[in-house]
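K.L.:
When you get a sec, could you give me coordinates for this:
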Amino acid sequence: MARTRSAIKDTGLDKAFYIVDYILLGLVFLAVIYPLIYIVSSSFSDAEAVIQGRVWLLPIRPTLDGYRAVFEYNDVWLGYGNTVFYTLAGTFVNIVLTLMVAYPLSRKDFIGRNAIMFLFTFTMIFNGGLIPTYLLIRDLGLIDTRMVMILHAAIGVWNVIITRTYLQATIPQELYDSAKVDGASNTRVLFSIVIPLSGPIIAVITLFYAVNHWNSFFPALIYLRSRELRPLQIVLREILVENSPRMMDEMMASLSEDQLERMTERQYLQALLQYSLIIVATLPVLAIYPFVQKYFVRGVMIGAIKG
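P.N.:
Sure thing, here's the model as predicted:
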């Protein structure tokens, strides 16, 4: 057996596979990391250098003017605060509802669980569409309220499926039986057994839900009208995509005289702002991901493969 393993390990075809594998992984790594490096370098570079395409790897004439302009604009702070609220409150509601649905559906003694699971899965393929959904939300009185950003997608069926599968694969039936013998209720079992043993999958779906809330802009575009309720993504869209003249005028008014001397055209102001805004909008997600990465891999693999 040892001789066979040694022969397999020393095979030339095996070495060639590793070489090709490392080359491909290196190319994928470069394809992923270079845009990030470019965005960071451009956010610290002079706007003129960005427009002229002279920024390739390192910042050209490093400056913090872009970040100053971003943080001196009140709508950015207002959008940031709204996005943080929608993300925290929405993710909390998502996690609570997902666990409340996935736990009973994972119990073998729950009558009708397959039929209920079919109804949930059915909604992944067929739904009412945008207009009926809008009419429903309007009739519920949620238009132009903070609650619409939390309740419009209060539960994700895919997250319910992987959570249910994880609970079935990792929590043995004997634990439920012993808890039942001890007289524990389903609520007690959920809080004392299921949740403490479900850290990896909770971390996974928390990341899924939080990123979805943080990047969400279409529901706000449809359901929100008041400026004070808009999330950060809508502010970014108006500045970077629509190039709103009103917002550009307001942002130019927030700049200092030295900055205004260099920002004689809107093109310069947009170049100054766009990469700084991207960094400001994505930094929280990038900061959180390393802390949940190990749970992410473990939870997805167990929840998606085992059944």
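K.L.:
Low-confidence stretches in this structure?
P.N.:
Applying pLDDT under 70 to the chain picks out residues 1-10, 241-269, 295-307.
K.L.:
I'd assumed Leu99 was in contact with Arg164.
P.N.:
No. Using C-beta atoms under 8 Å, Arg164 is not in contact with Leu99; the gap is 10.1 Å. The way it works is simple: take the backbone N, C-alpha and C, and place the C-beta from them, glycine included.
K.L.:
So which of these two has more stuff around it?
P.N.:
Taking other C-beta atoms under 10 Å, Arg164 and Leu99 do not tie; Arg164 has more neighbours (24 against 20).
K.L.:
for the more buried one, what are its contacts?
P.N.:
Val101, Ala102, Leu105, Ser106, Met117 (C-beta atoms under 8 Å, 6 or more residues apart in numbering).
K.L.:
and Ile150, what is it in contact with?
P.N.:
Ile150 touches Tyr86, Ala89, Gly90, Val93, counting by C-beta under 8 Å, 6+ apart.
K.L.:
and these as a markdown table, adding distance to Gly183, secondary structure and neighbour count?
P.N.:
Output for those, formatted as a markdown table (distance: C-beta to C-beta, whole Å; DSSP: H, G, I helix; E, B strand; the rest coil; neighbours: other C-beta atoms under 10 Å):
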| residue | distance to Gly183 | secondary structure | neighbour count |
| --- | --- | --- | --- |
| Tyr86 | 41 | helix | 22 |
| Ala89 | 35 | helix | 15 |
| Gly90 | 36 | helix | 24 |
| Val93 | 31 | helix | 17 |
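K.L.:
would JSON lines of the residues you listed with distance to Arg113 be doable?
P.N.:
Listed next are the contacts of Ile150 as JSON lines, based on distance: C-beta to C-beta, whole Å:
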{"residue": "Tyr86", "distance to Arg113": "32"}
{"residue": "Ala89", "distance to Arg113": "29"}
{"residue": "Gly90", "distance to Arg113": "27"}
{"residue": "Val93", "distance to Arg113": "23"}
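K.L.:
What is the nearest of the residues you listed to Ile279?
P.N.:
Tyr86 (20.4 Å; C-beta to C-beta).
K.L.:
Could you single out the nearest of the contacts of Arg164 to Glu228?
P.N.:
Using C-beta to C-beta, the contacts of Arg164 come closest to Glu228 at Val101, 33.3 Å.
K.L.:
Give me the number of neighbouring residues for the closest one.
P.N.:
Val101: 19 neighbours (other C-beta under 10 Å).
K.L.:
contacting residues around it?
P.N.:
Per C-beta under 8 Å, 6+ apart, neighbours of Val101: Phe120, Ile155, Val160, Arg164.
K.L.:
cool, and Thr133?
P.N.:
Per C-beta under 8 Å, 6+ apart, neighbours of Thr133: Asn127, His152.
K.L.:
For Phe92, see how far away it is.
P.N.:
23 Å (C-beta to C-beta, to the nearest Å).
K.L.:
Also Gln293?
P.N.:
When Gln293 is compared with Phe92 (using C-beta to C-beta), they lie 22 Å apart.
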